[in-house]
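>>> The amino acid sequence is not available; the structure is as follows:
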């Protein structure tokens, strides 16, 4: 029932992991935006299983199809329907375990909520595959944000306890696509890759942290008191499967800080008001400050693991154990980086439109 | 523009810190719910400045007034308008510093977004005082949740680096109102109180962490993929001034965990399916699992401090320093505990209605 | 549950006929709009019981109170709460007939929907009195539309079968407040007044038709395919108690027309594209054409009449007859004229904001 | 921007007349509803160009494709994506007249609103073809309403001034599909057919009136004061291209009636409360009364006619004349009958869900 997001730039998700397709409708995109299929495909490709040990061996072609709303490479003002067809599907494992929920996965809650009628194959609506639609919507949002010179960038900052050293925005931008871990710190990336190989061999999985940064966001985005920029970002990011926490700027570390330390002093630089630190993560009172938006999301280890785990057979109502054979990412952090970017772009785009910064027709 | 929250149980906030009143409208509350003014007053009283050093010396009577929707102690099905009148207002400090934003506060973003027209007195719409309206709405939501035996409880788990030891739900419930810190661990509470006195003397402030727990939440609440239970909770909790992060269950600690460790094994206890651990915080795939909902929010140190801080005079466009004389909470964590409870109750109530668990007329 | 209207300029209605107050919250009004209490009061006064036989003898002072969102005569960007307190209330008649629904009134449906818990006194939420809130919201909307030179005007075009002769916009504007019937044709107004006296003496009531016209509406307002300008206007106008039909331009007469006759030819006048006729009522494809918006609403005769009518006693489940003694308008058309104007203004304002024509801050 | 409709049962329209497809997404449909493709195809077939002179000669196969949300003939609780592919497209006429708006059509407003970027071929989003999506959604809604024994039926009551004689519900049901005019009065249908032939030969078009009736609607549907059953029905029906007016029950005739005549007396029949007449059209105070919902919509004559009409060339800014050669319906009333039924079903379904009458899982 809740498959739409956004007020003026609204996206609606549809499709299932092993159904015919995964797609998205974007309603409210201004007319006149030039956008090529390659613009969308480029983003889709970022969430493809990479060369790393982190990823599933399922081959996803994921070639974007434009069903409506874009004509001769330009948006028409009509709802934009984008989808990728599903291929290379192996549902056998799922049929077998239909009533045996995987620990840590949404199998159980989906089965209970939809009375056994949900499409459980490949996790159905709860598969990470659904985020292909998020990424296609994000590609359009990014194009729009580009008109305002807003840039959104995400990168891996932690996997399995290994932390990347902090990097400047320019360096992140340069490095992030250079390794399949999407980590701007090459040494940490190498270490992460090693750990992933090891954990894969153990039939286990790893969690991590992704950081998203948005540059050049103008002051004033966000609609307090309930439709705050941070609140809407958090909601959108928690729609990414496996995300268990969201924090802005100094985040949870504020609990140990004093006000004198945490408050970002205002100053004037080049005639502009800035803050000298950015513990606020670019958001005060739910409204953007003009400083970079900085958000971090905690991504849990992939629920599907090869190790045997205790669970229940719901039909038989007895305890059983389950070892999964399907193809799964050891750690979804690297592939989720593109999704974090997409969701940030979608939310920022919606708020930029609400602030009147993006015209209804692009000329 | 964004002062409403919820789809079927919808609350709309209004009022300013130093205006005539702070209020809330609840639309969608079922008819026939018996609710006395004391039920609402009791919750309001919980967020009153306590006896501790943490709190402001501003005296807030905050006596609830029912303007509509409740008749002879029973809801009528019409929108419920509740408010508290403002009294004991001293706006002098604010007039003086109208163009000098307090570091860490929303003064700057509000001034920029609303072009200098926002009511800046006492922080206007961005004051913690606005949460009086949230708490009144929460009181009604709690009454409704009571019909389903759902219980929502929040408590202080960290202030200024001092952590409360974990407690069972029953113990939390028994202890939380016993000290003004709203901390279920009496020893930690004492330590926190000591630190607060010290920091107050230094003209500084402290942050902390609040944990919210909801018991007896049935399996199935939440509307994936975008209106998830965790997403909507996070959005609602980030509407509380000073909250900078939200995490569920194991939260950010998942980054260092393996799947075999983080996955909650399913088991059968007393004929019911449960999980043996609750790293998921009661939510899988954006839907409640039937286990307790566990959420933690990071609360930053109060932005308003007596120490001198660097900032700018926006009118003169020059750097200045600012030392505040107003009455402010050294740490808002204890007072925000009631607000966390309220927002959790409001969101759960909305989802319970969406799941069809609360009838449109209570008989 | 459905007491809010509008997407960017959102109004929320609250209050009951014989409760403490009737009010409205306006969320999304831009900051910086100068609006005096008299601006609002002037509109409220237009729906006061006039000097004519058409009106109830209930004295309504209806003095607007601003609870939030306007400070020193200027909007702050915060939600605006406006209300009128209820006075001069006589609920005795209602208590007596609590379970005996008045034919043609919402008594029956309200009682059934809210399980007997709704506030039935004076019709509660279903009283025409609720529209005082609509009119206050309309006053703010009109001020905003004034910035775009959009003018909204409604007038009585039919009462009890007596039709006003068509008049030009200027003449309507000049005449409409000159008689208590709000009819731009003075002769028809006199005839209507005579009929009203007669029908009042008979203990009966009359219906009629109100026409609303909006001038200077720019081309392009409306959000197809489901949030059309005509669709949203119709929805808003059907929220006015007693409205049973809405038509645009040629309206129902199109059923007997040919395309060659009904199509409005495009032409160029003074360098602007216009249509030579306006059978479309200023709307094509759900979007404004730039020609005047013309809408007519059918208003049924007041349900409450002094004549005895057959009905049922729901508690006793037996057929009874009912003759009402309360104070009621013989015909609500004249008072509803101000409400039609208000609702049109609210809807147009929302669409003007959605089209980006009204800035978020008025300078 | 406004392509979604409904709160709990939400439909989102997409696609263009001459684009790749026309489709709809239904979000919020309960899981467990058995629905075959034929159930949907049957409704789609009703809006096919019939055998009558009224219809276009464009051949539309319109075979429904289920892209998501229905699995093995049962809804899964996930968003349902349905579409028909476009075929047999001739866009030549449109290319030629790109800047010459057809009088009475949305060409002009679309061109202005979307800055020349909208897909104008075949009317793009403003084509009647878009209603194929509405009808597919209506098919699902009808299935759900069937669980409550609610039946929705529409029929032609007037074309070109020729009125059908009133018929009972059973007779309408029996007759409506028997002639291509969708008119329950066979004699009137014959007369209409004759007139259509004549008008077609003249290169002209005709308007008419469609009546929609919903039986067995329980008392209590509708969410006052702004989300009324009549208001939402009117909004949904005005989304059908060419509809210029909507009235309920006695509709515009109330303007000439007295209260004593228009009020529907309550009575008891077979132990149930009914009204002896139904001037209210089954709605009082925006809430269903339990009597049949009766609504009539005015449909204007098809804007596209073969006769030469004055219009403007917007690019050249000069007055020109235009005679259309495309294939168009002489009168869209017969084909719109299925669309009226569909929109009524969609709205009633949403309100039935809001009233808690349809469970989230159908067992």
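Perfect, thanks for sending it. It should be emphasised that the depicted structure is a prediction, and the values quoted were computed from it without experimental measurement.
>>> CA only for contacts and neighbour counts going forward, please
Fine.
>>> Now name the helix or strand holding residue A:191.
helix A:186-201 (DSSP states H and E).
>>> How far off centre is that helix?
From the chain centre to the centre of helix A:186-201 is a distance of 22 Å (Cα atoms, centre = their mean, to the nearest Å).
>>> Stretch A:245-263 too?
Worked out by Cα atoms, centre = their mean, stretch A:245-263 lies 23 Å from the chain centre.
>>> what does stretch A:224-231 contact?
A:221-223, A:248, A:283, A:285-288, A:347-348, A:351, B:1-5, B:13, B:125-126, B:234-239 (Cα atoms under 8 Å, 6 or more residues apart in numbering or on different chains).
>>> tell me the mean pLDDT for stretch A:167-179?
Mean pLDDT, computed over stretch A:167-179, is 93.
>>> likewise stretch A:33-42?
97.
>>> what residues does that stretch touch?
Against stretch A:33-42 from outside (Cα under 8 Å, 6+ apart): A:63-64, A:66, A:70, A:73-75, A:136, A:139-140, A:143-144, A:361-362.
>>> about what we covered before: so of the contacts of stretch A:224-231, which ones are in helices?
A:347-348, A:351, B:234-237 (DSSP state H).
>>> Just name the closest of those to chain D, please.
residue A:351 (14.5 Å; Cα to the nearest Cα).
>>> measure the closest residue to the closest one other than its chain neighbours to chain D for me?
The shortest distance from residue A:351 to any non-neighbouring residue, by Cα to Cα, 6 or more residues apart in numbering or on different chains, is to residue A:221 (5.7 Å). Distance of residue A:221 to chain D, computed by Cα to the nearest Cα, to the nearest Å: 20 Å.
>>> again, but for residue A:107
On the measure of Cα to the nearest Cα, residue A:107 and chain D end up 14 Å apart.
>>> Correct me if wrong: that residue contacts residue A:118.
No. The pair residue A:107 / residue A:118 is not scored as a contact, 9.5 Å apart, by Cα atoms under 8 Å.
>>> Give me the pLDDT for residue A:54.
64.
>>> The one 5 residues further on too?
The predicted local confidence for residue A:59 comes out at a pLDDT of 58.
>>> one step back: closest one to residue B:292 out of the ones in helices among the contacts of stretch A:224-231, please.
residue B:234 (16.2 Å; Cα to Cα).
>>> and the residue in the stretch 51-200 of chain A positioned nearest to chain C, which of the three is it?
Relative to chain C, the nearest point of the stretch 51-200 of chain A is residue A:78 (8.9 Å; Cα to the nearest Cα). What DSSP: H, G, I helix; E, B strand; the rest coil gives for residue A:78 is coil.
>>> my read: it touches residue A:9, true?
No. Residue A:78 is beyond contact range of residue A:9, at 11.9 Å (criterion: Cα under 8 Å).
>>> who has more neighbours, those two?
residue A:78 (31 against 23; other Cα atoms under 10 Å in any protein chain shown).
>>> What does the more buried one show for phi and psi?
phi -90, psi 160 (degrees, to the nearest 10).
>>> The one 5 residues further on too?
Note on residue A:83: its backbone torsions stand at phi -150, psi 160 [degrees, to the nearest 10].
>>> Secondary structure element holding the closest residue to it other than its chain neighbours?
Once flanking residues are discounted, residue A:83 sits nearest to residue A:23: 3.9 Å by Cα to Cα, 6+ apart. Counting by DSSP H and E, the element that carries residue A:23 is strand A:21-27.
>>> That strand vs strand D:21-27, what angle?
90 degrees (axes from the mean of the first three to the mean of the last three Cα atoms, to 10 degrees).
>>> Run the chain-centre distance for strand A:21-27.
16 Å.
>>> quick one: stretch A:302-316 near chain B?
Yes. Contact between stretch A:302-316 and chain B, assessed by Cα under 8 Å from any Cα of the partner chain, occurs at A:302-305, A:307, A:309-312.
>>> Strands - which of the residues you listed land there?
A:309-312 (DSSP state E).
>>> before we move on, the earlier item: give the residues shared as contacts by residue A:78 and residue A:9.
Shared contacts of residue A:78 and residue A:9, counting by Cα under 8 Å, 6+ apart, come down to A:27-29, D:1.
>>> neighbour-wise, which of those leads?
Neighbour-wise, those (other Cα under 10 Å) top out at residue A:29, 29 neighbours.
>>> Tell me how far that one lies from residue D:121.
20 Å (Cα to Cα, to the nearest Å).
>>> pLDDT below threshold where in the stretch 251-363 of chain A?
A:326-327 (pLDDT under 70).
>>> element containing residue A:319, please.
With DSSP H and E as the test, residue A:319 turns up in strand A:318-322.
>>> Report the distance from that strand to the chain centre.
32 Å.
>>> Next: stretch A:99-118.
23 Å.
>>> Please apply the same query to stretch A:223-235.
Using Cα atoms, centre = their mean, the offset of stretch A:223-235 from its chain centre is 17 Å.
>>> ranges for the helices of the stretch 151-300 of chain A?
A:169-175, A:186-201, A:229-237, A:259-262 (DSSP state H, counting those that start in this stretch).
>>> For the stretch 251-363 of chain A, what lies in contact range of chain C?
A:355-356, A:359-360.
>>> Going by neighbour count, which of these comes out on top?
Result: residue A:360 is most packed of these (other Cα under 10 Å), 21 neighbours.
>>> Might you report the residue contacts of that residue?
Residue A:360 neighbours (Cα under 8 Å, 6+ apart): A:29-31, C:355-356, D:114.
>>> what phi and what psi does the backbone show at it?
Main-chain dihedrals, residue A:360, degrees, to the nearest 10: phi -80, psi -20.
>>> cool, residue A:9 as well?
Torsion angles, degrees, to the nearest 10, at residue A:9: phi -110, psi 100.
>>> Can you report how many residues lie near the closest residue to residue A:202 other than its chain neighbours?
Excluding the flanking residues, the one nearest residue A:202 by Cα to Cα, 6+ apart is residue A:307, at 7.7 Å. Residue A:307 has 16 neighbours, counted by other Cα under 10 Å.
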